[in-house]
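Asks: what follows is a predicted protein model with its sequence.
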Amino acid sequence: MLRVLAQKTKQSQGGGNLLNKTIISLLAIATLSGCQTTELADPNYIWFRSNAQLAHFNVKDATNIPASSVSTGSRSLIPRIQNNIDRPNVEKWTLNCNAGDVIIEHLPFRTYSRSDFSNIRDEEAFLKRFQKRLPRSNAAYKIEKIDITERLASGHIAYYQDKNGINCQHSLAIMRTRENRIDERDSGFVDTVVDIDYCGEPQLDIQTLLTDLELYSDSRDLARRLETWTPDQCPSIAKDFKFSRPLETSSFAKMSLIWKSTVPLENIIVEFHSNKREGVFTFNNTEKIVCSGSYQSPTDFPLVQGEWSVVCDDGSSATGQFVTTKAGIINGVGYDANGRVTRFSFKNFVLDRKDLQLSDTTSKT
């Protein structure tokens, strides 16, 4: 298992380039003086992998905007839960090729507190959170309340335009998605937080999404429903790096890869043509399709860090960051055009392919 994790915080402009969301920071919460309104800070998440079989909710069927991928991860929107043994399940549905996302946190065995409920339905707290997304302090916006009694759903939706004049929405709601109480620890109160950012036309119908949102008590049932789901391939996000020096060195390495798969693919052989700071590489992905990549670092090999980009024969593409984590091992993390988590690890660099020592017979060539 790779040790590099995709750490992502909600971007200030709603949708947009996922690489701009890939940062490392701390979840903070502050108490304002005077009225003592809680500030609802934007959360950070660690996204482990992207696979529809791991989802728990029916967002694909409940939204009027096409879903491009779903990822699972961890970390809580409500800071109080951070040290609780009952951490929430977290999943992110990427909408319309990274135009936005729906992030859902669900407590599988407990419920949120009355104070959590009050904080999220507090309009002043929501405004303080939302206004960070505005392109300028005097930008126009509209706030709509969420109050769906049968779902115990409460929250707000903000409508505004980003710096490019694109219509955007931001929403935060808390609600009940379990149909029945599971034991004495389940009070029957709210158990799910839904955090939405979306920019584009048509508008996302958030009220209907929350009304129709379903939690599948049997994850296998949802897996069966999603077995045939093949989202449209999004346009390429591959980058074209301009190299400063000739690529005079040929080499090989082994790669562990997570991309469109629930488990790492091990011992993929990668061929490089490079100089000390930049280069190109090729490999075969899960479906035996040839992928070509490039990378660039401001520092010399072997202590490198920088950007990478990959495009494959089937039209899939991905970009991200990479870094040397220890001698002889380079780890990378990023997202593909559909918003799926992409992670890899290079090791065992050699100049001659025959010197690669493969640990098992599952090698990809």
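Replies: Arrived safely. Numbers count the residues shown, from 1 in each chain.

Asks: give me the buried positions along the helix or strand hosting Asn267.
Replies: When elements are defined using DSSP states H and E, Asn267 is found to belong to strand 265-274. By neighbour count on 16 or more other C-beta atoms under 10 Å, the buried set for strand 265-274 is Leu265, Glu266, Asn267, Ile268, Ile269, Val270, Phe272, Ser274. All C-beta spots, glycine's among them, are computed from the backbone N, C-alpha and C.

Asks: tell me the helices and strands packed up against that strand.
Replies: strand 249-258, strand 278-284 (3 or more C-beta pairs under 8 Å, 6 or more residues apart in numbering; DSSP states H and E).

Asks: okay, the ones you listed in a markdown table with distance to Ser345, mean pLDDT and mean neighbour count next?
Replies: Below are the helices and strands packed on strand 265-274 laid out as a markdown table (distance: least, C-beta to C-beta, whole Å; pLDDT from 0 to 100; neighbours: other C-beta atoms under 10 Å):
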| stretch | distance to Ser345 | mean pLDDT | mean neighbour count |
| --- | --- | --- | --- |
| strand 249-258 | 5 | 94 | 19 |
| strand 278-284 | 13 | 94 | 19 |
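
Asks: adding distance to Leu40, write those out as CSV.
Replies: Below are the helices and strands packed on strand 265-274 laid out as CSV (distance: least, C-beta to C-beta, whole Å):
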stretch, distance to Leu40
strand 249-258, 32
strand 278-284, 42
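
Asks: Ile46 is nearest to which of those?
Replies: strand 249-258 (13.3 Å; C-beta to C-beta).

Asks: so in that sheet, which strands flank that closest one, and in what orientation?
Replies: strand 265-274 (antiparallel), strand 341-350 (antiparallel) (DSSP bridges).

Asks: who wins for proximity to Asp191 among those strands?
Replies: strand 341-350 (25.4 Å).

Asks: now the stretch 1-150 of the chain, which segments are flagged as low pLDDT?
Replies: Applying pLDDT under 70 to the stretch 1-150 of the chain flags the ranges 1-39, 76-85.

Asks: any chance you could map the helices in it?
Replies: Under the criterion DSSP state H, counting those that start in this stretch, the stretch 1-150 of the chain contains helices at 59-62, 114-121, 123-130.

Asks: extract the C-alpha set from the shortest one and format it as CSV.
Replies: If I follow you right, that is helix 59-62. Only the C-alpha atoms of helix 59-62 are listed here, as CSV (Å, rounded to 0.1, in the frame of the first residue of the first chain):
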residue,chain,number,x,y,z
VAL,A,59,-25.9,10.3,-5.7
LYS,A,60,-25.5,9.1,-9.3
ASP,A,61,-29.3,8.7,-9.5
ALA,A,62,-30.3,11.6,-7.2
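
Asks: you'd agree Arg133 is up against His170?
Replies: Yes: using C-beta atoms under 8 Å, Arg133 makes contact with His170 at a distance of 5.6 Å.

Asks: check contacts around Tyr176.
Replies: Wrong residue type there; residue 176 is Arg, not Tyr. Arg151, Leu152, Ala153, Gly188, Phe189, Val190, Asp191, Thr192 (C-beta atoms under 8 Å, 6 or more residues apart in numbering).

Asks: end-to-end on stretch 241-260?
Replies: Its first and final residues considered, stretch 241-260 spans 25 Å by C-alpha to C-alpha, to the nearest Å.

Asks: assumed Pro298 was part of a strand.
Replies: No: under DSSP: H, G, I helix; E, B strand; the rest coil, Pro298 sits outside any strand and is assigned coil.

Asks: measure it to Val323 for me?
Replies: 12 Å (C-beta to C-beta, to the nearest Å).

Asks: how about Arg178?
Replies: Arg178 is 41 Å from Val323, by C-beta to C-beta.
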